[in-house]
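Predicted coordinates and the sequence they were generated for:
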Amino acid sequence: MKPKWANAFKITKGEKISTEDEAWLSSIALKINARKMGDISAFLLESTVPLHNLGANVIQFFQPILGPVLDRNEIERFARLLENPMAVSGFVDMLNAKTESLNGKHGS
C-alpha cells in the first residue's frame, strides 16, 4: 500500500513542448542573450526548479496587473510552460547554446 503523502512533493517530468512553444521560447532566448543575460537567466531558472509551480501561480495572480502591459495569452503561455520541467530545461539549453554561440562569435 502506498503512503498517504507519496505524491505530495513529487515533481513531474513534464511533457514535450509544441513546436510553436519551442519557437516562442527560442525567440525569448535570443532577446535575453542579446542583452548578455543568458548565463544569469539560465542559472536562476536552474536554481529555482522547486519554485516554478509557485512562480506560475504568482504570474496567474498578477495577471490583471500585467494584462495592460503584456498580452494575456502570452502570460498564460509562460505560466503553463513554467510548470513544465521539460519546457524549462529546454529553455535553459537554448539559453546556454545561444550564449555559447555568441561567445564563440566574439572570441574569434
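Right, received. Where do you want to start? Residues are numbered from 1 along each chain as shown.

Tell me the predicted confidence for the residue nearest the centre of the chain.
What sits nearest the mean C-alpha location of the chain, by C-alpha atoms, centre = their mean, is residue 88, with 4.1 Å. Per-residue confidence (pLDDT) for residue 88: 93.

so it makes contact with residue 79?
No: using C-beta atoms under 8 Å, residue 88 makes no contact with residue 79, being 12.0 Å away. (Glycine included, C-beta is placed from N, CA and C.)

re the thing from before, measure the residue nearest to the centre of the chain to residue 35 for me?
Applying C-beta to C-beta, to the nearest Å, one obtains 20 Å for the distance of residue 88 from residue 35.

repeat for residue 52
22 Å.

which SSE is the residue lying closest to residue 46 once chain neighbours are set aside in?
Spatially, and ignoring its direct neighbours in sequence, residue 46 is nearest to residue 92 (5.8 Å; C-beta to C-beta, 6 or more residues apart in numbering). Using DSSP states H and E, residue 92 sits in helix 85-107.

Show the contacting residues for the residue nearest to the centre of the chain.
With contacts defined as C-beta atoms under 8 Å, 6 or more residues apart in numbering, the neighbours of residue 88 are 14, 45, 49, 52, 81, 82.

pLDDT below threshold where in the chain?
Counting by pLDDT under 70, the chain shows low-confidence ranges at 1-12, 98-108.

Now do the helices in it.
For the chain, the helices defined by DSSP state H occupy 19-34, 38-47, 52-61, 63-66, 72-82, 85-107.

and the second one, how far out from the chain's middle?
To tie it back to what came earlier, the one meant is helix 38-47. In terms of C-alpha atoms, centre = their mean, to the nearest Å, the gap separating the centre of helix 38-47 from the centre of its chain is 10 Å.
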